Structure formats: structure tokens, C-alpha cells
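[1] pasting the sequence and the predicted model now:
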Amino acid sequence: MSQAAKTSAVAASVAERIEALDWSGAEQSLSERGYAVTAPVLSPTECAELITLYNDASRFRSHIIMERYRFGIGDYKYFAKPVPELVAELRSSAYPRLAVVANRWAEALGAHTPPYPRDHAAFLRICHRAGQSKPTPLMLHYEAGGYNCLHQDLYGEVSFPLQMVFLLGQQGRDWEGGEFILVEQQLRAQSKPQVVLADQGQAIIFTTRYRPVKGSRGYYRVNLRHGVSRVHGGTRYTLGIIFHDAK
């Protein structure tokens, strides 16, 4: 990250940083590939402060050891209420921009459901009426040998089609390996893996479940799953922003 980017990330509010991102380019990349990588959003100091929270059990509602469930090797923790202010601001500031993309995708696929509201609080009320009231922002932690199996983050009947992960450290400095992986499964075709690289403080925006792809008879859904390749050395921390709540 350049010094100018570091200074900008510190000087601007979270909402201003999110608003300043190239959302047109992000939407194009999401539609074409199922993911987009943003410019730096979090400063190194903010990344370090988030990492220090990981050992404070009072900040989390649940601690998942991946090996117990055959999810991989590593662990992750879901934040408890109240979610840290920085995390809450990232979630509420990014949602309106992504709701525009989500509604365009739903329209392309001919969905017969109400559009996603532009305000995140309004969307959370929909989740809560469906019995999904537990916050889903989380932090993930891997040591050497750790990895995350391919999966989709769905926690009930209500879900949002896009989510984000922020790298809190730097690959090549804080850890080796541990690449973010997306695997796409198109109809009557073999699965296509994609390795997505990002730097500290950047976000990877990606589809929770599927993206629309235009075919000869209109748009159809292409499923994607995500995971993390094996970490060869060091310690990898990330912050996950999921926009729907869980049961």
C-alpha cells in the first residue's frame, strides 16, 4: 500500500472511503467474474486493531473450530452485539452500493420477489422477521497448514447475494499461500477455479451463491463457492462482512 493510500484511508471516514471506490468497475467485474477487488479501504493501524480483538472473547458470540466440522483447518469467530463500530460502518456503508447490483441481478434472472431495500437497517428487519437476528460479521484465523473448504455462507431463508472479505495482513509478509479461491460451476461444463489476490486493507467483493450469465435464451444462474488454499507459513487474519443475519 502506498503512503498516499495509507494517509487517505486514515483521513477519510469509513463511509467516504466506501463511497470513493470504483463501483462501476466493481459491478462490471462482479458480473463478468463473480468477484471484484477494491482499492485499499482499511489502514494498517485499523487492520492491527481488528486483529487484537480476536483474543477478546467478550466481543464474539460464537467460536468455530473448522476441524470439528470438516470445514478445513483454522478457526473463525462471529461478532456479538454490538458489532464493533468500524465493522458496522463497513457493513452499512457498502450495502447500498451492493443492493443496486443485487437488484439488477434479480431483475436479469426474472426474480418474483420484492427488491432489496437500499438501506441496510431495512434489510436487517426483513432478516429478523424471518427469525434471523444473530450478526454474521466474522473474523477468520489460519496458521501454517490451515485452509478453508469450498462453501457458501447461507444462514436461513433470507440471504444477500454479495459479501466482502478484508485482508488484515499481507500475503508474502505475514503469511505464505492462503490464497482466496472461487470455484464456478456452469451448466454442462467442468468447474472453473479462480485465485483472487489482494493486499492488506483491500476488500474482495464476491458472490455469496451465484451470478447471472447471459445465454442464448436469456440469463441463467451460475453457482460459485469460495474457500482458502493452504497456508504454508505465518498467520492469516481476515474480516468477513456478510450482509444477512443468521438464525
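    Perfect, I can see it now. Numbering: from 1, shown residues only.
[2] drop to CA atoms for contacts and neighbour counts, all remaining ones
    Fine.
[3] for this structure, which element, helix or strand, carries the lowest mean pLDDT?
    helix 3-11 (a mean of 52; mean pLDDT, DSSP states H and E).
[4] next structured bit after that helix?
    Next along the chain after helix 3-11, taking DSSP states H and E as the criterion, comes helix 14-19.
[5] which strands or helices does that following helix pack on?
    helix 85-108 (3 or more CA pairs under 8 Å, 6 or more residues apart in numbering; DSSP states H and E).
[6] neighbouring contacts of the helix it packs on?
    Contact partners of helix 85-108, identified using CA atoms under 8 Å, 6 or more residues apart in numbering, comprise 14-15, 18-19, 23, 27, 115-121, 137, 160-162, 211-212, 219, 241-243.
[7] show me the beta-bridge partners of Lys134.
    Judged by DSSP bridges, the bridge partners of Lys134 are Ala246.
[8] report how many residues lie close to it.
    18 (other CA atoms under 10 Å).
[9] go on, Pro117?
    Pro117, neighbours per other CA under 10 Å, totals 16.
[10] I'd say it and Phe123 touch.
    Yes - the pair Pro117 / Phe123 is scored as a contact, 5.9 Å apart, by CA atoms under 8 Å.
[11] buried members of the contacts of helix 85-108 into ChimeraX, please.
    A single ChimeraX command selects the buried members of the contacts of helix 85-108 (16 or more other CA atoms under 10 Å):
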select :14,18,23,27,116,117,120,137,160,161,162,211,212,219,241,242,243
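[12] in helices only, show me the contacts of helix 85-108.
    Val14, Ala15, Ile18, Glu19, Trp23, Glu27, His120, Ala121 (DSSP state H).
[13] with these in mind, which one is nearest to Thr235?
    Val14 (26.0 Å; CA to CA).
[14] how near is the closest one to Leu224?
    Distance from Val14 to Leu224, counting by CA to CA, to the nearest Å: 29 Å.
[15] partner residues bridging the residue positioned nearest the centre of the chain?
    Note on the chain: the residue nearest the mean C-alpha position is Met164, at 2.0 Å, using CA atoms, centre = their mean. For Met164, the beta-bridge partners are Ile205, Ile241 (DSSP bridges).
[16] in this structure it contacts Gly201, no?
    No - between Met164 and Gly201 there is no contact under CA under 8 Å: 11.9 Å.
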